[in-house]
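Asker: Make a model of this:
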Amino acid sequence: MSRGLGGIGKIEQKIKDKQDLTDRQISSAFQDLNQLMQMAKQMVGLSKNITQKLRDKGNDISNDETVLFKSHLLSLGISEQLDDPTVLFKSHLLSLGISEQLDDPVLRSQFSSDNKYYLSLAKQINTIIDPIVRQSGGQMSLTDVFCTVNRARGLELISVEDLLNACSTLASQKCGLKLVKYSSGLLVLESDNYNANAMNNKIIDLLEKCNSVSAQELAIDASIPLALARQRLIDCETIGIVCRDESIYGLRFFPNKFV
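Answerer: Numbers count the residues shown, from 1 in each chain. Next up, the predicted model:
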């Protein structure tokens, strides 16, 4: 009996030791992460400074700034020579998930109320997203908007809730974009110049070539997310342009011959 208790005690001690080791490793990892984040913020500031000087003076960058940036790269295990400062800055910042698009991301701490924060954030979202939406057919899923905006903001990330609240104000501010929610639950930002008829005609042209189309095939052809492609086909079905066929091969849409 005592041997059994001793065996269980040893097992419990091993489990506890393993948990303690895991806790120490996690704590150490977070310390390293905090240091990396601080270093990344310094690199963003340095990048903005040098980028501005590149605009103003060409390639006139001081030796101190070059040395400082190189020291940051070396501490990250990067040893390239700083022959082309512009290329190196962009490549290494992007590899860290840092974008140079926004010099001054809108922060909640800058405003006295949530409402003012959302209004200002919406304008910044519009600045980032509007050119992309206009080039991609007039619509962009909110999931893609979330990823694009946070990539542009670099280290100052926003939450899904903040994005949704901000986008809800776009229509009232007449920014050129508006938040649209479909009956399926899909949320998209839609440009004021979005032409549903033009999109439907593209689907008709595709059907004339292929006779039938799936959401996945439309997504590939139009370079849009799968959820958005499915929604556009459902919209066409609603107005009678296409009809569906569900089988063991999946959901496909065909031209509506009865129209």
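Asker: Secondary structure element holding the nearest residue to Ile239 once chain neighbours are set aside?
Answerer: In space, Ile239 comes closest to Asn200 once its chain neighbours are excluded; the distance is 7.6 Å by C-beta to C-beta, 6 or more residues apart in numbering. Yep, even glycine has a C-beta here, placed from its N, CA and C like the rest. Element membership for Asn200, per DSSP states H and E: helix 196-210.
Asker: counting contacts, what elements does that helix pack onto?
Answerer: helix 215-222, helix 226-238, strand 250-255 (3 or more C-beta pairs under 8 Å, 6 or more residues apart in numbering; DSSP states H and E).
Asker: before we move on, the earlier item: Provide a list of residues in contact with the residue nearest to Ile239.
Answerer: Arg232, Asp235, Cys236, Ile239, Ile241 (C-beta atoms under 8 Å, 6 or more residues apart in numbering).
Asker: what does Arg244 give?
Answerer: Arg244 touches Glu237, Leu251, Arg252, Phe253, Phe254, counting by C-beta under 8 Å, 6+ apart.
Asker: Let's see that with 10 Å instead.
Answerer: For Arg244, the contacting residues are Ser212, Leu233, Ile234, Cys236, Glu237, Leu251, Arg252, Phe253, Phe254, Asn256, by C-beta atoms under 10 Å, 6 or more residues apart in numbering.
Asker: Quick check on the residues you listed: which are buried?
Answerer: Listed as buried from the contacts of Arg244 are Leu233, Ile234, Cys236, Arg252, Phe253; burial here means 16 or more other C-beta atoms under 10 Å.
Asker: Quick one, grab the pLDDT at the spatially closest residue to Glu208 that is not a sequence neighbour.
Answerer: Using C-beta to C-beta, 6+ apart and skipping residues adjacent in sequence, the residue nearest Glu208 is Pro255, 7.7 Å away. On the pLDDT scale, Pro255 is placed at 89.
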